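In: Return a 3D structure for these sequence lines:
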Amino acid sequence: MSIEFDATRWSQVKEVAREWWAGRLKRPLIQIRLEGRDPQRPAPRHPPRDFTAQYAASITAEEIVDVWDYELSKTKYIGDAFPAIWPNFGPGIIAGFLGARVKPEEHTVWFEPVAIKMPAELCLACDLENPWFHRVRDICRAAQERWQGLVQVGMTDLGGNLDILASFRPGESLLLDLYDHPEDVKRLTWQAHDAWWQYFKEFNAVLRPPNPGYTAWTPIFSESPYYMLQCDFAYMIGPDMFDEFVKPELAASCRRLEHAFYHLDGPGQLPHLDSLLAIGELKGVQWVPGAGQPDESHWPEVYRKIRAAGKRIQLAGGIAQLDAVARQLGSAEGIVVLDTLPLSRQAEAEALLKRYGVM
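Out: Modelled structure (predicted):
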């Protein structure tokens, strides 16, 4: 096995993560992956893709996993980092599982309805015979057969429930539905909720065991169920509509996940932060300022509010902003930060790890 990791390192990762989630770790979690290691194995037949959905159906699950193995073998894992992958079929692939067209492009994956239907005509029922579901499941199974627990295989990006619904009511349609068909929107939201959890269960039946724990599209490690929840659609609505159409389902999912995070994406979601932080079962927030906005070190009021609510923080911008945010908050406790750097920056990365007591 050419991936540079072993059972001893996994024991350390699990112990530290356990302490961090429990609030007993007096330092941040810092995952740093250094790229440029000699993979010590032959190159794969196919090139890496940003989106797994971009691979043609003729490319087998085992071939895709071999590409991942090669990339993981080129990486050195320091600090709290560990080898992890996830099958990236686009944000909200559940829409594809439920019958939407899946359209992979160079920089993203789009989901489109086969036919536009009014909300009253829609029914979002879990379909375990869907070919996209089978494709993701087959890749997860091949990954587990290949690595036998050495690599943490993360959950695919299932999506947020109003985001899933927006794939079937595109453009401004869903926004108007909140006014014109509110009861149908709520019915469909809870149908999407049920489908979401059925798919979550189905994938975990393949992933665990031998998966060491749980990760999602953001690999924050947890030994108990974890997911990075989201509702990007919430950027376009106000707090009253958020509380009516988004928060009930979101809170229900938080109650079913022992370690739930929320992806707070862009200033348009900040009006919902107080409402989110009032969800007792929500354990943390990933704040992403977004394109064209000042970086994470320019939002101390956001991080102070998250910490005051007793939640953990993912610093999405990487280690570059860690020192500034830690100074603003008074400490780096409860923060998790992930970064990928070239191997040439190993000395710099190790100096930061020592400064925060990770090494």
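In: Can you give me the end-to-end span of stretch 327-347?
Out: Using CA to CA, to the nearest Å, one end of stretch 327-347 lies 23 Å from the other.
In: Which parts of the chain are helices?
Out: In the chain, the segments counted as helices under DSSP state H are 7-21, 61-73, 94-97, 131-147, 161-168, 173-180, 182-207, 239-241, 247-256, 273-277, 300-308, 322-329, 346-355.
In: out of these, which comes closest to residue 114?
Out: In terms of CB to CB, the element of the helices of the chain nearest to residue 114 is helix 161-168, at 9.3 Å. In short, each C-beta sits where N, CA and C put it, glycine included.
In: counting contacts, what elements does that closest one pack onto?
Out: Helices and strands touching helix 161-168, by 3 or more CB pairs under 8 Å, 6 or more residues apart in numbering; DSSP states H and E, are helix 94-97, helix 173-180, helix 182-207.
In: Now do residue 319 against residue 310, distance only.
Out: 24 Å (CB to CB, to the nearest Å).
In: okay, the two: which has more neighbours?
Out: residue 319 (22 against 13; other CB atoms under 10 Å).
In: Okay, now the unreliable bits of this protein?
Out: 1 (pLDDT under 70).
In: Got the domain ranges for it?
Out: 1-37+214-359, 42-73+83-211 (automatic domain parsing).
In: any idea how far the shortest one is from the chain center?
Out: When C-alpha coordinates are averaged (CA atoms, centre = their mean, to the nearest Å), domain 42-73+83-211 and its chain have centres 12 Å apart.
In: now swap in stretch 298-306 and tell me
Out: Using CA atoms, centre = their mean, the offset of stretch 298-306 from its chain centre is 21 Å.
In: Nearest residue to the most centrally placed residue in the chain in space, please, no chain neighbours.
Out: Nearest to the geometric centre of the chain sits residue 217, at 2.8 Å (CA atoms, centre = their mean). In this structure, residue 217 finds its nearest non-sequential neighbour in residue 157, 4.7 Å apart by CB to CB, 6 or more residues apart in numbering.
In: now swap in residue 227 and tell me
Out: Nearest to residue 227 is residue 216, by CB to CB, 6+ apart, at 4.9 Å.
In: now residue 20
Out: Distances taken as CB to CB, 6+ apart place residue 29 nearest to residue 20, at 5.2 Å, with adjacent residues excluded.
In: Okay, and the beta partners of the one you found?
Out: Taking DSSP bridges as the rule, residue 29 bridges to residue 336.
In: That one is in contact with residue 18, isn't it?
Out: No - if you go by CB atoms under 8 Å, residue 29 and residue 18 don't touch, sitting 11.2 Å apart.
In: what about these two, which has more around it?
Out: More crowded of residue 29 and residue 18, by other CB under 10 Å: residue 29, with 26 against 16.
In: Report the contact partners of the more buried one.
Out: 16, 17, 20, 80, 220, 335, 336, 337 (CB atoms under 8 Å, 6 or more residues apart in numbering).
In: For the closest residue to residue 224 other than its chain neighbours, give me its contacts.
Out: In space, and not counting its chain neighbours, residue 224 is closest to residue 258: 4.1 Å by CB to CB, 6+ apart. By CB under 8 Å, 6+ apart, the contact set of residue 258 is 222, 224, 225, 226.
In: top of those residues by neighbour count?
Out: residue 226 (25 neighbours).
In: how close does that residue sit to residue 24?
Out: If you go by CB to CB, the gap between residue 226 and residue 24 works out to 18 Å.
In: try residue 332
Out: From residue 332 across to residue 24, the span is 15 Å (CB to CB).
In: Look at those two and report which has more neighbours.
Out: When residue 332 and residue 24 are compared for neighbours, residue 332 comes out ahead with 23 against 9, by other CB under 10 Å.
In: what's the spacing between that one and residue 355?
Out: Note on residue 332: its distance to residue 355, by CB to CB, is 10 Å.
In: What of residue 44?
Out: Distance from residue 44 to residue 355, by CB to CB: 37 Å.
In: what sits against the closest residue in space to residue 313 that isn't next to it in sequence?
Out: Nearest non-adjacent residue to residue 313, counting by CB to CB, 6+ apart: residue 335, 5.0 Å away. Residue 335 makes contacts with 28, 29, 312, 313, 314, 315, 322, 325, 326, 329, as judged by CB under 8 Å, 6+ apart.
In: let's see it at 7 Å
Out: 28, 313, 315 (CB atoms under 7 Å, 6 or more residues apart in numbering).
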